[in-house]
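Q: Build me a model from this:
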Amino acid sequence: MTKMAICTGCSLLCQDIEADVSEGRLSKAKNLCRKGHGHFQASFSERTVPMMGGKEVEMDQVVARAAEILKNAKSPLLLGWSNSTLEAQRVGISLAEKLGATIDITSSFC
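A: Below is the predicted model:
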């Protein structure tokens, strides 16, 4: 079933988008630019499956590997907190302090 949609992929907010969603996936879209298509496709993609090396793994394996990477980092940078909740930012700041890391948001270069 085709539905009209507004694309929020950028600040233009195109209002003439025609989108078909089938089985929880974007099956067809009209009037989307490349950026908009990627934005719509990402909205209907499963992104909560933990993966390492292109293979699905258990969450504890991913967390252990991330901890190992951060522990061994010489100069870690925790970046991209602009769209995070205040609670997540608080935890991120605490983690940065423990690691001796630099913490930054994307507005410093955008």
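Q: The lowest-mean-pLDDT helix or strand in the chain: partners in the sheet, and parallel or antiparallel?
A: Ranking every helix and strand in the chain by mean pLDDT, DSSP states H and E puts strand 25-30 at the bottom, with a mean of 80. Paired neighbours of strand 25-30 in the sheet (DSSP bridges): strand 17-22 (antiparallel).
Q: what domains does the record give for this protein?
A: 2-43, 51-108 (automatic domain parsing).
Q: How far away from the center of its chain is the least confident helix or strand of the chain?
A: 20 Å (C-alpha atoms, centre = their mean, to the nearest Å).
Q: got the CA coordinates for it in CSV?
A: Only the C-alpha atoms of strand 25-30 are listed here, as CSV (Å, rounded to 0.1, in the frame of the first residue of the first chain):
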residue,chain,number,x,y,z
ARG,A,25,10.7,-3.1,5.0
LEU,A,26,10.7,-0.2,2.6
SER,A,27,9.9,-2.0,-0.7
LYS,A,28,9.4,0.9,-3.0
ALA,A,29,9.9,4.7,-2.8
LYS,A,30,9.3,7.5,-5.2
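Q: Pull out the buried residues from that strand.
A: L26, A29 (16 or more other C-beta atoms under 10 Å). (C-beta placed from N, C-alpha, C; glycine too.)
Q: can you list the residues that contact that strand?
A: Outside strand 25-30, the residues within contact range by C-beta atoms under 8 Å, 6 or more residues apart in numbering are 2, 17-21, 36-37, 40-41, 43-45.
Q: which helices and strands does the helix or strand just after that strand pack with?
A: Next in sequence after strand 25-30, counting helices and strands by DSSP states H and E, comes helix 34-43. Other helices and strands packing on helix 34-43, by 3 or more C-beta pairs under 8 Å, 6 or more residues apart in numbering; DSSP states H and E, are strand 17-22, strand 25-30.
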